[in-house]
Structure formats: structure tokens, C-alpha cells
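J.: Fold the following and give me the result.
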Amino acid sequence: MADTLNTPTPAQLSLRIRQLAREAGFQRCGISGIELGEDEAHLLDWLGKGLYGTMEWMARHGAMRARPQELLPGTVRVISVGLDYGHKDDAEAWATLDDTGRAYVARYALGRDYHKLMRNRLQKLADRVAAEIGPFGYRAFVDSAPVLERALARNGGLGWIGKHTCLIDRDGGSWFFLGEIYVDLPLPIDAPASAHCGTCTRCIEVCPTAAIIAPYRLDARRCISYLTIEHEGAIPLEMRPLMGNRIYGCDDCQLVCPWNKFARRTDEPDFRARNNLDTATLPELFAWEEDEFLQRTEGSPIRRSGHERWLRNIAVALGNAAPSPAALQALESRRTHDSELVREHVQWALQRHAASTDTEEP
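T.: Numbering: from 1, shown residues only. I've put the predicted structure just below:
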């Protein structure tokens, strides 16, 4: 048990937690209460309109996401942390998007899966706190439970929710991951971050599929990140031409955000690109058989989508690519793939190239 004579006051403990969070490797830390009434109403309206697509778990958990005390009884505060992952590669990202023969992978997925890294650091933080004050009630989360993490982080002062629905820190942009620790400690809470999007609508205008249907409102069914990662079936025909060469996620709304000129950049070794995913061509990645896919994506967030969806996504990108012998050869190599899903997307891509060729002929 901790020495009660030396037990810190809540204010002292709050300051100490921030210090320990920095020592654990987080660049941001804030503390919020658990009241999320307005955000719960926004969430329920979003769910009621079916904007979550096939992510049934969103609807299944319903309001619990906005009620921390129901998820972990006894919770009175939430410690939110941020971990930077952005690199100084915005120009390279745009260059890749402009090169239809190359594959675009969301910046967060180029390296190691952040979930395990953040969970380990959150556990380290909780252990350090317990070592100083004694046992306390807590539970750490990194996308592992129904948590309204952006609202909690906003209330903890980490940033505001932008019109693209990502969290933005005026001093550090939006290239950072979020994690939380629900605690039963009556810590003083931080002032919530104020919004600074103003009249800017760049993120809405740049979205390739018009998924940001209104400020602060995302239709997941149109979002490339959803379509390439979460969606299990065929990608809607009307969405395919709009996806370009984005094979896993999408960053356009962050790349165009003016606040990211202030983004804190990192060279965290775990987040460096693996398997040349920042420069690879579509035919190179389309050639990965399942064993190679599993080997190369070990420890990567990409593995969770599986090999079949990997090929599905790349087939769409190859259909959007400029005609070339390499692209056509790659598609032909998968024309008789075992998966009906893959075959259908390959056939679509081949027909798209055939139509393009017919149009070009005199």
C-alpha cells in the first residue's frame, strides 16, 4: 500500500500522470469527466441514419460508447493520450496518389500495428501510477471496446473534432493515435479544446467519394477507409472509379488540412514503412500469394483485412490505373482466382481497361 502521509493530492497526481505519460512515450495527455450527453445524441442520430454501413458492432453497442460508467462501473475520469505517427512525407504521399501505377496505403498502416505498442505503453503508465499511489480501478483501451475516444480526447484538451471527424490539435495537427485509461480516481479535469476549423471546408471538398456529407458528419458507406478495410463484400460499382489507387485507407482529408502544417512529425522506428509500402507498385503487391501476404503483414494493421480483401482492393486500383502491360498482366494472373469476390473485381478492372482501349481507337 502507498504511504498515506505521502499520498499526492488529486492535483499533484494529475501533474504526475502527465509526466509519466511523457516518460511512457506519449506526446499528449489530458483528463476528462465522463459526461457525453451531446455526443451521445450525435452518435445515436448517426446510427439511426444507418451511416455506419455494415459495422454492426457500432449499432450493437449503441449508447454504451458514450457512457464510460456502463462499460467500466466505478469510472469517474478518463485519461486520454496521443501518440504521434506522422512523417515528413506529405509531398511523397501526394506524389503517390498522382501515380496510378503505385499503391497508396494510409500513413498509419505503413509500419507496425499501433494497437499493441499503445497498449503496452498504457499498461506501463497504469503500472507506474499504481506504484506511486497503490492499487486503483482502471482499464486501458486502444480501439478495443466501445469508447467514444475523440469526444473524450476533446474534453481532455487534446484537440477538437474537425469537420472531417478526425481530432485536430492546433499545435500538432491530426497525425496521432488515441488511447484511453478509464479510472476511478477523482482527478481534476482539463478544459476541453475549442474548435478552430472556422469557415475552411478543404477536407469536405477533397474527399474522393464525397463521404463527408456535411461538416462533422461522415457517411461510412462512402468512405474509402471503410470500403477498403471494414467492408467485407463487393465494393459498390459507383465507388470503384472514385477510389483511385488507394488500396488500404485514405488520408486526403488530413493531407489537405491546413492545421497539419503544424503537425508534430516522428521517426518512431515502429512506424517506419515496411515492405516498401510507401513506394510499391500495384502489380508488385497484387503478386503476393496468401502465405507471402501473411508473412509480410505480420505485426501490421493490414493483416486484419485478409488476403482476399487485399486482392479485391488492388484489383480496383489496377482498374483505375493507366493502361500498361504490367497492369493487364497482373489482372490476367488473377482472372481465375479461387475467390469469387476477387474474380468479380478483376473482371470489372479488365472490362474497364477494354472500354478505355475501345474509346481510344479511331
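J.: low pLDDT regions in the stretch 101-250 of the chain?
T.: Filtered on pLDDT under 70, the stretch 101-250 of the chain yields no residues whatsoever.
J.: Can you show me the helices along it?
T.: Ranges of helices within the stretch 101-250 of the chain are 114-133, 149-155, 202-206, 224-225, based on DSSP state H, counting those that start in this stretch.
J.: With residue 272 as the reference, measure out to residue 264.
T.: Separation of residue 264 from residue 272 (CB to CB, to the nearest Å): 16 Å. Bear in mind the C-beta positions are built from the backbone N, C-alpha and C, glycine included.
J.: could I get the helices of the stretch 101-250 of the chain as CSV with mean neighbour count?
T.: As requested, the helices of the stretch 101-250 of the chain are arranged in CSV below (neighbours: other CB atoms under 10 Å):
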stretch, mean neighbour count
helix 114-133, 18
helix 149-155, 24
helix 202-206, 17
helix 224-225, 23
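J.: With distance to residue 248 added, can I get those in JSON lines?
T.: Output for the helices of the stretch 101-250 of the chain, formatted as JSON lines (distance: least, CB to CB, whole Å):
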{"stretch": "helix 114-133", "distance to residue 248": "14"}
{"stretch": "helix 149-155", "distance to residue 248": "21"}
{"stretch": "helix 202-206", "distance to residue 248": "19"}
{"stretch": "helix 224-225", "distance to residue 248": "9"}
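J.: Quick one: closest of those helices to residue 36.
T.: With CB to CB as the criterion, residue 36 lies closest to helix 149-155 of these, at 5.5 Å.
J.: For the residue positioned nearest the centre of the chain, give me its contacts.
T.: Geometric centre of the chain, nearest residue: residue 108, 6.8 Å, by CA atoms, centre = their mean. Residue 108 makes contact with 85, 114, 177, 249, 271, 301, according to CB atoms under 8 Å, 6 or more residues apart in numbering.
J.: Just the ones of these in strands?
T.: Among the contacts of residue 108, the ones falling in strands (DSSP state E) are residue 177.
J.: that older thread, for residue 264 and residue 272, indicate the residue with more neighbours.
T.: residue 264 (17 against 13; other CB atoms under 10 Å).
J.: The residue nearest to the more buried one when sequence neighbours are not counted: neighbouring residues, count only.
T.: Leaving out its chain neighbours, the residue that sits closest to residue 264 by CB to CB, 6 or more residues apart in numbering is residue 172, at 4.3 Å. Per other CB under 10 Å, the neighbour tally for residue 172 reads 21.
J.: Same question for residue 260.
T.: 18.
J.: Equivalent analysis for the one 5 residues further on, please.
T.: Neighbourhood size, residue 265 [other CB under 10 Å]: 14.
J.: Can you verify my assumption that it contacts residue 86?
T.: Yes - in terms of CB atoms under 8 Å, residue 265 counts as a neighbour of residue 86; the distance is 5.6 Å.
J.: which neighbours do these two share?
T.: Common contact partners of residue 265 and residue 86 (CB under 8 Å, 6+ apart): residue 175.
J.: that older thread, I'd like the contacts of residue 108 written out as a markdown table, with distance to residue 124 added.
T.: Below are the contacts of residue 108 laid out as a markdown table (distance: CB to CB, whole Å):
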| residue | distance to residue 124 |
| --- | --- |
| 85 | 18 |
| 114 | 15 |
| 177 | 16 |
| 249 | 28 |
| 271 | 18 |
| 301 | 21 |
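J.: Pop out the phi and psi values for the residue nearest to residue 264.
T.: phi -150, psi 10 (degrees, to the nearest 10).
J.: Over to residue 77?
T.: In terms of degrees, to the nearest 10, the main-chain angles of residue 77 are phi -140, psi 160.
J.: Mind listing the residues bridging to it?
T.: Judged by DSSP bridges, the bridge partners of residue 77 are residue 183.
J.: hang on, isn't it packed against residue 30?
T.: No - counting by CB under 8 Å, residue 77 sits too far from residue 30 to count as a contact (10.6 Å).
J.: neighbour count winner among the two?
T.: Neighbours were counted for residue 77 and for residue 30 using other CB under 10 Å; residue 30 has more, 26 against 22.
J.: Confirm that that one sits in a strand.
T.: Yes - according to DSSP: H, G, I helix; E, B strand; the rest coil, residue 30 belongs to a strand.
J.: Apart from its neighbours in sequence, what residue is nearest it?
T.: In space, residue 30 is closest to residue 156, 2.8 Å off (CB to CB, 6+ apart).
J.: And for residue 201?
T.: residue 163 (6.8 Å).
J.: got it, and residue 305?
T.: Using CB to CB, 6+ apart, the closest residue to residue 305 is residue 229 (5.5 Å).
J.: you'd agree the one you found is up against residue 249?
T.: Yes - in this structure residue 229 lies within contact range of residue 249 using CB under 8 Å: 6.2 Å.
J.: So which elements touch the helix or strand containing residue 11?
T.: Element membership of residue 11, judged by DSSP states H and E, is helix 10-23. With contacts taken as 3 or more CB pairs under 8 Å, 6 or more residues apart in numbering; DSSP states H and E, helix 10-23 sits against strand 28-32, strand 77-84, helix 114-133.
J.: try it again with 7 Å
T.: Helix 10-23 sits against strand 28-32, helix 114-133, with contacts defined as 3 or more CB pairs under 7 Å, 6 or more residues apart in numbering; DSSP states H and E.
J.: Please point out which parts of that helix sit buried.
T.: For helix 10-23, burial by neighbour count (16 or more other CB atoms under 10 Å) applies to 13-14, 17-18, 20-21.
J.: Roughly how far does the closest residue to residue 288 other than its chain neighbours sit from residue 165?
T.: Distances taken as CB to CB, 6+ apart place residue 296 nearest to residue 288, at 6.6 Å, with adjacent residues excluded. From residue 296 across to residue 165, the span is 31 Å (CB to CB).
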